[in-house]
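Colleague: what's the 3D shape of this:
(one chain, ligands or ions: 2)
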Amino acid sequence: MRLKFKQLLHNGVSAKLFDRLLKQRCLLCTTDEGGEFGLCDACYKDLPWHTAPQCPQCGLSSNGLVCGSCLHSPPDFDATHSLFTYDFPLDVMMQRYKYGSMLNLGHIFGKMLSNKTNLANVDLVIAMPMHPARLKERGFNQALEIAKIITNNNPEKLDYLSVQRQKLTPPQANLPLKERVRNIKGAFTASNHLNGKRIAIIDDVMTTGASLNELAKTLKQAGASHVECWVVARTLPK
Ligand SMILES: [Zn+2]
Ligand SMILES: [Zn+2]
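Modeller: Numbers count the residues shown, from 1 in each chain. Ligands and ions are numbered 1, 2, ... in the order given. This next block holds a predicted model:
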């Protein structure tokens, strides 16, 4: 299965062909028929689901209670829901989604995340904002596409106007935690009051949580009463 999937990825499947494969064949092994999420039962079960006991606040492994790190210095977000750990083959799927060769994955991730979260628990859904220059470069905001699917039946909950990213920061990847925090500080502005709102932030991957924390801080400063991170994948320390 894995070899075929890798071949498929490296061969660069076109979006149109990908559409056809998605409808007919499992997205990963292409030998069996794809189900609701475009994956066969075996590949679906084989994904790195984040089901281990975890801290409800930050999503890292714990005994299921709030972890020591969150107790010691509580993050600005109140809860984290993550579908997967950022491991194979999810990591490769995510790279293909973000860099545009597997755009349909946004739809699949959105549907999967909808099943894991409860939209009734929040008033607003906000996707991790992208700086306009970055958006121009990439052509789409991968988090916003997922947020659109999650709010498909409640589009009034999708808020893409209240928060902007004002600082063009170098990519966070490869930076140590302290530098990530410094890099992202002051990156967001909230232009609307969010008094008493319960908000879910949507993002693709939560690594150290520095960006999500900075955004949560901005939302709280604008009046939000509760902020949750809804992410496709959580990077767990090795
Ligand atoms: Zn399969
Ligand atoms: Zn924690």
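
Colleague: relative to ligand 2, how far out is the residue located most distally from the centre of the chain?
Modeller: Distance to the chain centre peaks in the chain at T31, reaching 28.2 Å (criterion: C-alpha atoms, centre = their mean). Remark: distance between T31 and ligand 2 (C-beta to the ion, to the nearest Å) = 40 Å. C-beta here means a position set from N, CA and C on the backbone, and glycine is covered the same way.

Colleague: quick one: secondary structure of that residue?
Modeller: Secondary structure, DSSP: H, G, I helix; E, B strand; the rest coil: T31 is coil.

Colleague: how is the residue most central in space within the chain assigned, secondary-structure-wise?
Modeller: By C-alpha atoms, centre = their mean, the chain has its centre lying nearest to D204, at 2.3 Å. Recorded secondary structure, D204: strand (three-state DSSP).

Colleague: can you give me the pLDDT of it?
Modeller: pLDDT, D204: 97.

Colleague: what residues does it make contact with?
Modeller: The contact partners of D204, by C-beta atoms under 8 Å, 6 or more residues apart in numbering, come to M94, Y97, K98, F109, M128, Q142, A143, I146, V231, V232, A233.

Colleague: what sits up against the host helix or strand of Q95?
Modeller: Using DSSP states H and E, Q95 sits within helix 90-98. With contact meaning C-beta under 8 Å, 6+ apart, helix 90-98 is reached by 5-6, 9, 47-48, 84, 86, 102-103, 105-106, 109, 138, 142, 204-205, 232-233.

Colleague: among the residues you listed, which ones are buried?
Modeller: Among the contacts of helix 90-98, those scoring as buried are 5, 9, 47-48, 84, 86, 102-103, 105-106, 109, 142, 204-205, 232-233 (criterion: 16 or more other C-beta atoms under 10 Å).

Colleague: tell me which of these fall in strands.
Modeller: F84, D204, V205, V232, A233 (DSSP state E).

Colleague: buried ones in stretch 39-58?
Modeller: 39-40, 43-44, 46-48, 50, 54-58.

Colleague: write out the residues of the chain neighbouring ligand 1.
Modeller: Contacts of the chain with ligand 1, taken as C-beta under 5 Å from the ion, map to C26, L28, C29, D32, C40, C43.

Colleague: can I get those in TSV with pLDDT?
Modeller: Formatted as TSV, those follow (pLDDT from 0 to 100):
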residue	pLDDT
C26	89
L28	89
C29	89
D32	76
C40	91
C43	94
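
Colleague: now the helix holding Q95 - C-alpha only, CSV.
Modeller: What follows is helix 90-98 as a C-alpha-only set of coordinates in CSV (Å, rounded to 0.1, in the frame of the first residue of the first chain):
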residue,chain,number,x,y,z
LEU,A,90,-0.7,12.0,6.9
ASP,A,91,2.4,14.2,6.7
VAL,A,92,2.8,13.5,3.0
MET,A,93,-0.9,14.0,2.4
MET,A,94,-0.7,17.4,4.2
GLN,A,95,2.3,18.6,2.2
ARG,A,96,0.5,17.6,-1.1
TYR,A,97,-2.6,19.5,0.1
LYS,A,98,-0.8,22.6,1.1
